[in-house]
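In: Got a predicted structure plus its sequence, pasted below:
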Amino acid sequence: MTLSYSHAHQQGSGTTEVVAVLVAITDHTARVLTVDQGKLLPNGPLMPLHRSLQAGVRQWVEEQTQQPLGYLEQLYTFVDTNRRNIDGHALVYVSYLGLVQETQAQLQSQASWQDWYDYFPWENHLHGMPSMIVEFIVPALLDWANTAEDDVSRQRRIQRIGLCWGVSQPVFADDVQNIGAENRLDKEPTYESKEWVAEHVLLRYEMLYEAGLIPEAPTYPPTYETKILPEQWSQLIGAPMYYDHRRVIATAISRLRAKIEYRPLIFGLMPEVFTLSQLQQSVEALSGVRLHKQNFRRLLDSQHLVTETGDSSSAQRGRPAKLYRFRHDIELQSLLMDSKLPKRK
């Protein structure tokens, strides 16, 4: 099965498209703007209307979202060999990451905001590591590792699994070649917890793609022997998308998660005034992990990122919280340098 779906768009004569990953935070939930019932990212043919490609993308995005765009940066240039124009040339698309504030403004037809964890459920660790990683993903990947051509390749795959998924499984790591999938179901594996690297989103997605464990992969469903995956696997592994658009989102999340550790990009997603709890919850929504409250606030104080407004929130319960705003007088490029988000242990 493949979701390259060459019929989804009419073929044109152009060879380059622009694809945008527009991110917003609403009710402490990270969301992306999509079209075609969540199956595509906003995209369109490259139209050189500006001398600066980025200026053209900014105007195009603002027309899509009906509001000004804050931070914008180019991600990568992808080649989709499954899509061809009318002359038979492979399609190239230039991807951008943009930060906006979701509003109730009327979106263009078929555009809708989607929770990005609907596409990557294994990336949401706000309530601990998702059970699907230990119960299904890692065992299935170990079955895939067993299909390697030689022992060296098999060991490299096993090492990649441990590094990407934050677990190590010494029993199967040693005996994966000798234990069949049918016997593994009778055993209770004990996984050792390792560091979960939040910004490895793209590496994890590409491993699932390589192993044929997601619907977009040309080898899905996997042909190697595995009895780990449940019948409803296609619903559990996240919403698929046309073309490589889920890979583009994975690239954007990886970039954003890495950058929020040393640049205050989060303020491009926040309202003008906010409480410190709202700020922390928004950062957590992006990173997918809980942060240590006291350490997070000490980091804000030490870097002088925010300033009090003198007002308080009108909380319905409990004590009203102080309102803050971002200090615009601080040079953005130097903020949070060499600092890491204080993750909860």
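Out: That came through fine.
In: and the closest residue to residue 41 other than its chain neighbours, what is it in contact with?
Out: Distances taken as Cβ to Cβ, 6 or more residues apart in numbering put residue 245 closest to residue 41, at 4.7 Å, once the chain neighbours are dropped. Using the backbone N, CA and C atoms, a C-beta is placed for each residue, glycine as well. With contact set as Cβ atoms under 8 Å, 6 or more residues apart in numbering, residue 245 has these partners: 19, 39-41, 43.
In: before we move on, what about residue 271?
Out: So residue 271 contacts residue 101 (Cβ under 8 Å, 6+ apart).
In: do you know how far it is from residue 162?
Out: 40 Å (Cβ to Cβ, to the nearest Å).
In: circling back: any of the contacts of residue 245 buried? List them.
Out: Neighbour counting with 16 or more other Cβ atoms under 10 Å marks 19, 39-41, 43 as buried within these.
In: Closest to residue 204 out of those residues?
Out: Comparing those against residue 204 with Cβ to Cβ picks out residue 41 as the nearest, at 19.4 Å.
In: Now do that closest one, the pLDDT please.
Out: Per-residue pLDDT puts residue 41 at 91.
In: nearest to residue 79, of the buried ones among the contacts of residue 245?
Out: The closest of these to residue 79 turns out to be residue 19 (Cβ to Cβ; 12.5 Å).
In: how close does that closest one get to residue 229?
Out: From residue 19 to residue 229 the distance is 30 Å (Cβ to Cβ).
In: Tell me how far stretch 85-92 lies from the chain's centre.
Out: Relative to the centre of its chain, stretch 85-92 is centred 28 Å away, using Cα atoms, centre = their mean, to the nearest Å.
In: Quick check on the nearest residue to residue 275 once chain neighbours are set aside: phi, psi?
Out: Excluding its sequence neighbours, the residue lying closest to residue 275 (Cβ to Cβ, 6+ apart) is residue 321, at 4.1 Å. Main-chain torsions, residue 321, degrees, to the nearest 10: phi -90, psi 150.
In: My read is that residue 321 contacts residue 274, right?
Out: No - assessed by Cβ atoms under 8 Å, residue 321 is found out of contact with residue 274, at 9.5 Å.
In: who's more crowded, these two?
Out: Applying other Cβ atoms under 10 Å to residue 321 and residue 274 shows that residue 274 carries more neighbours, namely 21 against 15.
In: Can you list the low-confidence ranges for this structure?
Out: Within the chain, the segments meeting pLDDT under 70 span 1-14, 47-51, 64-68, 103-109, 169-193, 315-318, 329-345.
In: give the contact list for the closest residue to residue 289 other than its chain neighbours.
Out: Spatially, and ignoring its direct neighbours in sequence, residue 289 is nearest to residue 125 (5.0 Å; Cβ to Cβ, 6+ apart). Listed by Cβ under 8 Å, 6+ apart, the contact set of residue 125 reads 196, 198, 288-290.
In: And residue 125, how close does it get to residue 32?
Out: Distance of residue 125 to residue 32, given as Cβ to Cβ: 19 Å.
In: same deal with residue 226?
Out: Taking Cβ to Cβ, one finds residue 226 at 31 Å from residue 32.
In: what does residue 95 give?
Out: 12 Å.
In: Going toward the C-terminus from the strand or helix carrying residue 142, what's the next helix or strand?
Out: Using DSSP states H and E, residue 142 sits in helix 138-145. The helix or strand immediately downstream of helix 138-145 is helix 151-165, counting by DSSP H and E.
In: With that, I have no additional questions.
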